[in-house]
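K.L.:
Show me the folded form of this:
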Amino acid sequence: MRFRIPIAFGGVLVMMTMALGGGTAASAAPAAKTAGIGTNAVQNYTIFVHTANIDGAGTDATVRMKVYGTLAESPGYVNLDNSADNFERNSNDYFGPFSWYDIGRPDFIGVYKGSNGSEWYPEYAQVYAHATGTWYHCPMNAYYGDGEETRWFDCP
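P.N.:
The predicted model follows:
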(Lines give C-alpha, C1' and ligand atoms only; values in the text may rest on other atoms or scores of the structure.)
Protein backbone atom coordinates (compact mmCIF):
# COMPACT_ATOMS: atom_id res chain seq x y z
CA MET A 1 0.00 0.00 0.00
CA ARG A 2 1.38 3.42 -0.93
CA PHE A 3 0.51 6.69 0.76
CA ARG A 4 1.75 10.27 0.87
CA ILE A 5 2.85 12.22 3.89
CA PRO A 6 3.13 16.01 3.82
CA ILE A 7 6.39 17.10 5.47
CA ALA A 8 7.51 20.70 5.97
CA PHE A 9 11.19 21.59 5.66
CA GLY A 10 12.07 25.25 6.25
CA GLY A 11 8.62 26.41 5.22
CA VAL A 12 8.55 24.23 2.07
CA LEU A 13 5.91 21.54 1.90
CA VAL A 14 7.23 18.29 0.47
CA MET A 15 5.07 15.31 -0.41
CA MET A 16 6.84 12.11 0.46
CA THR A 17 5.59 8.85 -1.01
CA MET A 18 6.08 5.80 1.17
CA ALA A 19 5.36 2.13 0.73
CA LEU A 20 3.77 0.26 3.57
CA GLY A 21 4.67 -3.39 3.74
CA GLY A 22 3.95 -6.10 6.22
CA GLY A 23 6.73 -6.98 8.61
CA THR A 24 7.63 -10.42 9.83
CA ALA A 25 8.63 -11.63 13.24
CA ALA A 26 12.27 -12.44 13.84
CA SER A 27 11.40 -16.12 14.16
CA ALA A 28 9.47 -16.21 10.89
CA ALA A 29 10.87 -17.92 7.81
CA PRO A 30 12.99 -15.73 5.57
CA ALA A 31 11.27 -14.71 2.36
CA ALA A 32 12.32 -16.38 -0.88
CA LYS A 33 13.49 -14.30 -3.84
CA THR A 34 10.04 -14.75 -5.35
CA ALA A 35 6.97 -16.08 -3.64
CA GLY A 36 4.95 -19.06 -4.70
CA ILE A 37 5.57 -21.78 -7.20
CA GLY A 38 7.90 -21.16 -10.11
CA THR A 39 6.60 -20.77 -13.63
CA ASN A 40 9.33 -22.84 -15.28
CA ALA A 41 9.29 -26.51 -16.20
CA VAL A 42 9.18 -29.26 -13.61
CA GLN A 43 12.64 -30.38 -12.46
CA ASN A 44 13.86 -33.23 -10.24
CA TYR A 45 15.80 -32.62 -7.03
CA THR A 46 17.45 -35.02 -4.58
CA ILE A 47 18.23 -34.08 -0.97
CA PHE A 48 21.24 -35.43 0.92
CA VAL A 49 21.73 -34.99 4.68
CA HIS A 50 24.86 -35.87 6.68
CA THR A 51 24.47 -36.29 10.45
CA ALA A 52 27.59 -35.46 12.48
CA ASN A 53 29.93 -38.07 13.94
CA ILE A 54 29.63 -37.04 17.59
CA ASP A 55 27.96 -38.68 20.60
CA GLY A 56 24.20 -38.14 20.62
CA ALA A 57 24.08 -36.73 17.08
CA GLY A 58 21.41 -39.10 15.74
CA THR A 59 17.64 -38.89 16.06
CA ASP A 60 14.50 -40.86 15.24
CA ALA A 61 12.42 -37.68 15.04
CA THR A 62 10.46 -36.53 12.00
CA VAL A 63 12.62 -34.31 9.78
CA ARG A 64 11.24 -32.10 7.02
CA MET A 65 12.91 -29.64 4.65
CA LYS A 66 11.87 -26.75 2.43
CA VAL A 67 14.22 -25.44 -0.27
CA TYR A 68 14.13 -21.73 -1.13
CA GLY A 69 15.61 -21.00 -4.55
CA THR A 70 16.42 -17.92 -6.60
CA LEU A 71 13.33 -18.49 -8.79
CA ALA A 72 10.85 -20.13 -6.42
CA GLU A 73 10.63 -22.53 -3.50
CA SER A 74 9.74 -26.17 -2.99
CA PRO A 75 6.02 -26.73 -2.42
CA GLY A 76 5.91 -26.93 1.37
CA TYR A 77 8.12 -28.89 3.74
CA VAL A 78 8.87 -32.35 2.33
CA ASN A 79 9.07 -35.25 4.75
CA LEU A 80 12.58 -36.73 4.68
CA ASP A 81 11.89 -40.39 5.22
CA ASN A 82 12.56 -43.67 3.46
CA SER A 83 12.90 -47.34 4.40
CA ALA A 84 16.30 -46.79 6.07
CA ASP A 85 16.94 -45.84 9.71
CA ASN A 86 17.66 -42.20 8.87
CA PHE A 87 19.60 -39.50 10.73
CA GLU A 88 21.79 -41.78 12.82
CA ARG A 89 25.28 -40.79 13.97
CA ASN A 90 27.67 -40.29 10.99
CA SER A 91 24.96 -41.30 8.49
CA ASN A 92 24.50 -40.20 4.89
CA ASP A 93 20.84 -40.11 3.90
CA TYR A 94 19.39 -39.52 0.42
CA PHE A 95 15.78 -38.55 -0.29
CA GLY A 96 13.91 -38.14 -3.55
CA PRO A 97 13.94 -37.45 -6.35
CA PHE A 98 11.29 -34.79 -5.81
CA SER A 99 9.55 -33.19 -8.81
CA TRP A 100 9.15 -29.43 -8.33
CA TYR A 101 8.81 -26.44 -10.57
CA ASP A 102 12.27 -25.05 -11.30
CA ILE A 103 13.39 -23.27 -8.13
CA GLY A 104 16.61 -21.96 -9.68
CA ARG A 105 19.76 -22.09 -7.58
CA PRO A 106 19.01 -23.18 -3.98
CA ASP A 107 19.60 -20.09 -1.83
CA PHE A 108 18.75 -21.44 1.62
CA ILE A 109 16.86 -24.28 3.31
CA GLY A 110 14.41 -24.53 6.18
CA VAL A 111 14.86 -27.67 8.29
CA TYR A 112 12.21 -28.83 10.76
CA LYS A 113 12.80 -31.47 13.47
CA GLY A 114 9.77 -32.82 15.30
CA SER A 115 9.51 -33.44 19.03
CA ASN A 116 8.89 -37.18 18.53
CA GLY A 117 12.58 -38.11 18.88
CA SER A 118 15.82 -37.19 20.59
CA GLU A 119 18.27 -34.39 19.88
CA TRP A 120 19.92 -34.16 16.46
CA TYR A 121 23.14 -32.65 15.13
CA PRO A 122 23.10 -32.39 11.31
CA GLU A 123 26.46 -31.36 9.85
CA TYR A 124 25.30 -30.36 6.35
CA ALA A 125 22.72 -30.91 3.63
CA GLN A 126 23.06 -30.87 -0.13
CA VAL A 127 20.47 -30.33 -2.85
CA TYR A 128 21.09 -31.99 -6.21
CA ALA A 129 19.50 -30.41 -9.28
CA HIS A 130 19.16 -33.21 -11.84
CA ALA A 131 18.68 -30.81 -14.78
CA THR A 132 22.10 -29.19 -14.31
CA GLY A 133 23.90 -32.06 -12.57
CA THR A 134 24.89 -29.68 -9.76
CA TRP A 135 25.13 -30.30 -6.00
CA TYR A 136 24.45 -27.26 -3.78
CA HIS A 137 26.08 -27.44 -0.34
CA CYS A 138 24.26 -26.07 2.73
CA PRO A 139 26.41 -26.14 5.91
CA MET A 140 24.34 -26.67 9.05
CA ASN A 141 26.49 -27.65 12.07
CA ALA A 142 23.51 -27.10 14.34
CA TYR A 143 22.23 -28.69 17.51
CA TYR A 144 18.49 -29.38 17.66
CA GLY A 145 17.19 -30.08 21.17
CA ASP A 146 14.48 -32.54 22.25
CA GLY A 147 11.64 -30.21 21.26
CA GLU A 148 10.11 -29.23 17.95
CA GLU A 149 12.24 -26.71 16.07
CA THR A 150 12.75 -25.14 12.63
CA ARG A 151 15.97 -23.45 11.52
CA TRP A 152 17.19 -21.87 8.28
CA PHE A 153 20.59 -22.36 6.64
CA ASP A 154 22.28 -20.59 3.71
CA CYS A 155 23.50 -22.53 0.69
CA PRO A 156 26.44 -20.31 -0.33
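K.L.:
Output the below-cut-off pLDDT ranges for the protein.
P.N.:
Along the chain, the model assigns pLDDT under 70 to residues 1-40.
K.L.:
Next, name the residue at the spatial heart of it.
P.N.:
Ile109 (2.1 Å; C-alpha atoms, centre = their mean).
K.L.:
pretty sure it is touching Ala125, no?
P.N.:
Yes - counting by C-beta atoms under 8 Å, Ala125 is a contact partner of Ile109 at 6.1 Å. Every C-beta, even on glycine, is put in place using the N, C-alpha and C of the backbone.
K.L.:
Identify the contacts common to the two.
P.N.:
Met65, Cys138, Phe153 (C-beta atoms under 8 Å, 6 or more residues apart in numbering).
K.L.:
Which residues are in contact with the last one?
P.N.:
For Phe153, the contact set (C-beta under 8 Å, 6+ apart) comprises Phe108, Ile109, Val111, Ala125, Cys138, Pro139, Met140, Ala142.
K.L.:
List buried residues within those residues.
P.N.:
The neighbour-count test (16 or more other C-beta atoms under 10 Å) marks Phe108, Ile109, Val111, Ala125, Cys138, Met140, Ala142 as buried among the contacts of Phe153.
K.L.:
tell me the contacts of the second one?
P.N.:
Contacts for Ile109 were tallied using C-beta under 8 Å, 6+ apart; they are Met65, Lys66, Val67, Tyr68, Ala125, Val127, Cys138, Trp152, Phe153, Cys155.
K.L.:
Among these, which are located in strands?
P.N.:
Met65, Lys66, Val67, Tyr68, Ala125, Val127, Cys138, Trp152, Phe153 (DSSP state E).
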